[in-house]
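Asker: okay, here's the prediction I keep looking at, along with the sequence it came from:
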Number of protein chains: 2
Amino acid sequence: MFGLLVSGVALMAAGIVFPAYAQQGALMPLPASMVAGTGQLVVDGSFTVALAGPADPHLDAAARTLIRQLSAKTGQFLAGAPVTGGATLTLTVTRASATVPAPNEDEAYTLTVTPGGASITAATSIGINRGIATFVQLVAAGPQGYAVPAVTIHDQPRFPWRGLLLDVSRHFMPVATVERTLDLMQAVKLNVLHWHLADNQGFRVESKVYPKLHQLGSDGNFYTQDQVRAVIRYAADRGIRVVPEFDMPGHTTAWLVGYPELASQPGPYTIERHWGVFDPALDPTRDSTYQFLDRLVGEMTALFPDAYFHIGGDEVNGEQWKASPAVQAYMKAHGLKDTAALQALFTTKVQAIVARHGKHAIGWDEIMDGDMPKDVVVQSWRDAESLRKAALAGHAGILSAPYYLDLNWPAGRHYAADPMPENLPADLANLILGGEACAWSERLSPENLDIRLWPRAAVVAEKLWSPRAMTADTAGMYRRLDGVARDLAWAGSRHEAAGLAMLARVAGPAGVDALLPLAQAVEPLKDYRRSAQRPDAVQGTPLNRLVDTVPAESAQARAFSLAVDHFRTNPRDVEARAAVLRPLMVWAQGDAVLAPHVGATPLLAELAGPSAKLARLADAGLAAAEALHTGKPMVDRAGGEKAVVDAADAGAELEFAILPAVARLVKAAP
Amino acid sequence: MFGLLVSGVALMAAGIVFPAYAQQGALMPLPASMVAGTGQLVVDGSFTVALAGPADPHLDAAARTLIRQLSAKTGQFLAGAPVTGGATLTLTVTRASATVPAPNEDEAYTLTVTPGGASITAATSIGINRGIATFVQLVAAGPQGYAVPAVTIHDQPRFPWRGLLLDVSRHFMPVATVERTLDLMQAVKLNVLHWHLADNQGFRVESKVYPKLHQLGSDGNFYTQDQVRAVIRYAADRGIRVVPEFDMPGHTTAWLVGYPELASQPGPYTIERHWGVFDPALDPTRDSTYQFLDRLVGEMTALFPDAYFHIGGDEVNGEQWKASPAVQAYMKAHGLKDTAALQALFTTKVQAIVARHGKHAIGWDEIMDGDMPKDVVVQSWRDAESLRKAALAGHAGILSAPYYLDLNWPAGRHYAADPMPENLPADLANLILGGEACAWSERLSPENLDIRLWPRAAVVAEKLWSPRAMTADTAGMYRRLDGVARDLAWAGSRHEAAGLAMLARVAGPAGVDALLPLAQAVEPLKDYRRSAQRPDAVQGTPLNRLVDTVPAESAQARAFSLAVDHFRTNPRDVEARAAVLRPLMVWAQGDAVLAPHVGATPLLAELAGPSAKLARLADAGLAAAEALHTGKPMVDRAGGEKAVVDAADAGAELEFAILPAVARLVKAAP
């Protein structure tokens, strides 16, 4: 009798319930050089920080960041104000940092920890911010309390441009969300916020020269210029640049609501509510277009101090231009053979405007079609090969294609992608500036943003910061990832809290416990398959379903996959078998608990199918595991194989993360 | 074999893991009058709100609050801007509200919901805020999506003063925390933020006339006057008054750091770091004291617009005055027989100052010792009997004694306490203004504040709002409490998220799953027993232990207690037995999982004893349950009884919430 529920505890101990909390913090990105010392530095309530070197408000801010993060991680009350001399940790800079970071700042730092004290030295507060991120990650609880192991770290980034693209057009992200994102970027040493401010679905920044841009193009969801300045200051305190993007000539429907005369079709226009590539585009044939852009770029380059100004340039289908007799006549008169050539002309002119306002232009792959001076940077939404071509033409580039976090790929896939193109001549390597993780927001809201970004953005951050040879061990990366996720939560990420709260909403009257087995077995559809399954989704479609809630990568499914592989080579081993059976049992029984509730709400109703399919899939896995263990033929192999096939289409924009491992089990079973 | 883990799912289904998420929203406080209609009003993405009546920025703000809360609860994107006519919900006021609420506002509202639309009507935005809180609570997910059942509600409060005392002196609470608290107060119709701004451990508001008060008395943790004004505006938007408290003449050590000349002993003084009652007090015998107070009260009454100004007055031990020859001489010269009489003189003079600045004074019980005009209000930290005496003397009063949320009493205990004193003549009933839940912050931090306040403050709110006859059903209150907790989380409360994150910190390398059985079986020590067990705790003592993390009331223990009582009357019933065995199994086995980890960190080390005791206690419960079920004598009764006795002292400032129920089992066993 007493044995009946041991399994309950075992279940919890097996990490089925709270896998993400199981580990302590861990380093990510890995530092370039690290030499362990002897002993440790205690981090208790007496911890203090001192500043040395020229006064710098950014350095004060860095110290505040450190204290806030240490307090959160350890739950100790720490003195906020820096002391003079004799501190636990001394932050030393050679010079004060500029008001905002430049594109090629010295980010190197040296962190020395001894039992008697610690120091971080760097050229400016920017390197200090990087060192602080390392120091906080090193703090761990031990028998004597919180401490940092003695160590000497010399560290600097592999790439100077380590960005995060935040799309605030498709779904608006409030200032607090942007600032939280900057906190988390600092924690993993990302240094560029690429702020995708305007697109078909919204123009998100106040324009004083063309106020109808934000007044009519944003549903009231825009940043005032004061807010923009505050975000830039907030970022600068963390050593992060802010690069604004005003995507043109396509992706501009929201501009045209207030200024339809910018297009080559008369309008009227309304804010685009659908997702995809659309016809509206700025008219590249009129002088008035460039006069408008000159004033707007002038306003925005004054507002955004970064040396770079992103002009987009992607995905112009040319339909409006083809349909316009005036544009066609213009093309003919100027010998432009197709709309790509017309766009190239546009890009050339806009680049000149940007240059006249003292900035370097940056744009997506298509920008290379224009006649571009060498200072223009190419950002690739295609692949590293685009960057190779750009480099051969003398252009610097940054890679984004493999780092789209909103497409729900596993961390390991992002980790495998390197920004450095194959076969690039060595003397051109310095033209590869780095890369950017991207958060396109068709299916991101302020509520679930962190679930999609963290901790996976940390993996991209490591790829861009750490020496290439140190970013080849995917299994090692995964071993650190849970601890990194925990630290990110202390730094403010809501990926855990929001995930649980949203799961409670989906579960509704059924209760989270009833939903947990299904939730942990599934992942959102990858790539653009969500769009394919629900092409009717629009900007107003709620993002409150199970698919919006579950992480891109199921930790339980990953653990299960490892357990299955171990079991397949040790089919007689009792513990190896148990490690496979335990989660399968939960998944096999989950539907019996959930099914009675699925009629209760629409959020549950769409899960009836997935839940039933999961039970059958898990039953197949159990039968296969039993067959493997006993060596007897699998019971109902045909039924099991059908369950595996049926599970390929989970429904509700989900996929079964455990499917490949179950399929391997069934295939291996006698 | 397959049966082995059914129990794991059953465990989750039994609510062991996520009890707080099990229910949907529920009403709290209960409305005075509610008549159900037919059908329901759908709340989908097309939901809109319209405003009617005189323009009022507070009404605009109320509409924003509604949209924000509805969006959070349903996960739908709702249009933020009010529409004109034809809205789903119309908010209608008779007149614009004042800049800040007065003490006796009309808070009544009528809420009508039909399938075709809803309306809330009230005199001002204040009643609208109350109606909005009801409307949001009524939203529930059903088969057709989110909806509100058709209903007509006429509602108004029983008491006009429904407060929450927030002590920001002992531990500072940042502006964001205060604003979040105001959001949550609005959600349960509390209408007074009693801001305890100064005490021995900190003077928390900027004074321009005496800047050393905040500069030397706050460790840098204070509110600027601009922040105070912002908080007052934020509160007013929610129909909430802000009553500041400057406790005097005792509880003033932090004042004396900058202005030691205010005391009758020369000092110097440092900010008090301990908890308790201390000697320092303002010197009531010097004119200079009153000149100081006149300027300070003048400054603060200008800053805080409320009609009331709280002067504290509690817990003066008189030791400094007894030790001062000058004070003793003064007392003799003025015929003051003891220090209480001296304090009465002080109170009388300070009340006059407050009155001269156009405010009513309010103070703790001791204020009645002074010569007080009838407009002075008494707040009782003693009991309702104090209020009866005050009322007999013609003074209005508010009750706090039974509503100290920081003392970790169960919700039912707060619910049982009524502000109306026994034996009060009926014609004096209107002198009982209401009450205040109190959050004294010796053991509260910004991190765990919500865990201590919510949802139990909602129970106090109901006691103060709903008709007395409707607040007698404690079991009914508990049935609603989980749903209320869920809604409060959507309104911003971090009680769930912070609880889980803090539990992860305590668990550290052991993982939350290993800690969960213990965490769910214990509660913090009640009353002032934590102080008794750890008298050395000071302001800087971390609040990061298990005791700081677990709710005041264990939902699992309450459910277990009910299960035990059912089982005792149905000892042969298999399901009744299982409901008792399931949690006992988890508790009995928990130590085997946790014990290997307890040496890992100090936060875990102190749990070694409690964890072992819990296992023995649960074993005793299992043996007793088995004896009850079989009718055979309990195995090792002596050992079981010893486990129960030993469990009375859990250690680590915890108590076993399951102890009474286990003791009942053991007692009942043959």
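Answerer: Yep, that arrived.
Asker: contacting residues around the residue in the stretch 51-200 of chain A that chain B sits nearest to?
Answerer: Residue nearest to chain B within the stretch 51-200 of chain A (CB to the nearest CB): A:Gly75, separated by 2.6 Å. In this view, the C-beta of every residue, glycine as well, is placed from N, C-alpha and C. The contact partners of A:Gly75, taken as CB atoms under 8 Å, 6 or more residues apart in numbering or on different chains, are B:447, B:502, B:505, B:542-544, B:548.
Asker: list the residues that contact the closest residue to it other than its chain neighbours.
Answerer: With CB to CB, 6 or more residues apart in numbering or on different chains as the criterion, A:Gly75 has its nearest non-adjacent residue at 2.6 Å, and that residue is B:Asn544. Applying CB under 8 Å, 6+ apart to B:Asn544 gives the contacts A:74-76, B:502, B:505-506, B:603.
Asker: what's near enough to touch A:Asp283?
Answerer: A:249, A:262-264, A:289, A:321, A:324, A:327.
Asker: now it: how far from chain B?
Answerer: Distance, A:Asp283 to chain B, using CB to the nearest CB, to the nearest Å: 32 Å.
Asker: backbone phi and psi for that residue, please?
Answerer: Reported as degrees, to the nearest 10, the phi and psi values for A:Asp283 are phi -80, psi 110.
Asker: what is the burial count for the closest residue to A:Asn570 other than its chain neighbours?
Answerer: If the residues on either side of it in the chain are set aside, A:Asn570 comes closest to A:Ala576, at 4.3 Å by CB to CB, 6+ apart. Counted by other CB atoms under 10 Å in any protein chain shown, the residues lying close to A:Ala576 total 20.
Asker: how close does A:Ala576 get to A:Leu584?
Answerer: Remark: distance between A:Ala576 and A:Leu584 (CB to CB, to the nearest Å) = 13 Å.
Asker: equivalent analysis for A:Pro610, please.
Answerer: 16 Å.
Asker: follow-up on the earlier one: just the ones of the contacts of B:Asn544 in helices?
Answerer: A:74, B:502, B:505-506, B:603 (DSSP state H).
Asker: in CSV: those residues, plus neighbour count.
Answerer: Formatted as CSV, these follow (neighbours: other CB atoms under 10 Å in any protein chain shown):
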residue, neighbour count
A:Thr74, 24
B:Met502, 22
B:Arg505, 25
B:Val506, 25
B:Leu603, 25
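Asker: show me which of these is closest to A:Asp106.
Answerer: A:Thr74 (30.4 Å; CB to CB).
Asker: I'd say the closest one and A:Tyr146 touch.
Answerer: Yes - A:Thr74 lies in contact with A:Tyr146 (CB atoms under 8 Å); the separation is 4.7 Å.
Asker: what touches both of those two?
Answerer: Counting by CB under 8 Å, 6+ apart, the residues touching both A:Thr74 and A:Tyr146 are A:43, A:139.
Asker: got the phi and psi for the closest residue to chain B within the stretch 451-600 of chain A?
Answerer: Residue of the stretch 451-600 of chain A nearest chain B, by CB to the nearest CB: A:Asn544 (2.6 Å). In terms of degrees, to the nearest 10, the main-chain angles of A:Asn544 are phi -120, psi 20.
Asker: can you check the pLDDT for the nearest residue to A:Gln533 once chain neighbours are set aside?
Answerer: Distances taken as CB to CB, 6+ apart put A:Glu653 closest to A:Gln533, at 5.3 Å, once the chain neighbours are dropped. Listed pLDDT for A:Glu653 reads 97.
Asker: quick check on A:Glu653: phi, psi?
Answerer: phi 60, psi 20.
Asker: for the one 3 residues further on, same thing?
Answerer: Note on A:Phe656: its backbone torsions stand at phi -80, psi 110 [degrees, to the nearest 10].
Asker: hmm, A:Ser611 and it touching each other?
Answerer: No - A:Phe656 is beyond contact range of A:Ser611, at 11.2 Å (criterion: CB under 8 Å).
Asker: B:Ala595 versus the most centrally placed residue in chain A, what's the distance?
Answerer: Using CA atoms, centre = their mean, the residue of chain A that lies closest to the mean C-alpha position is A:Leu453, 3.5 Å off. Applying CB to CB, the value for A:Leu453 to B:Ala595 is 38 Å.
Asker: OK, contacts around whichever residue of the stretch 251-400 of chain A sits closest to chain B?
Answerer: Residue nearest to chain B within the stretch 251-400 of chain A (CB to the nearest CB): A:Arg273, separated by 10.8 Å. Applying CB under 8 Å, 6+ apart to A:Arg273 gives the contacts A:201, A:538-540.
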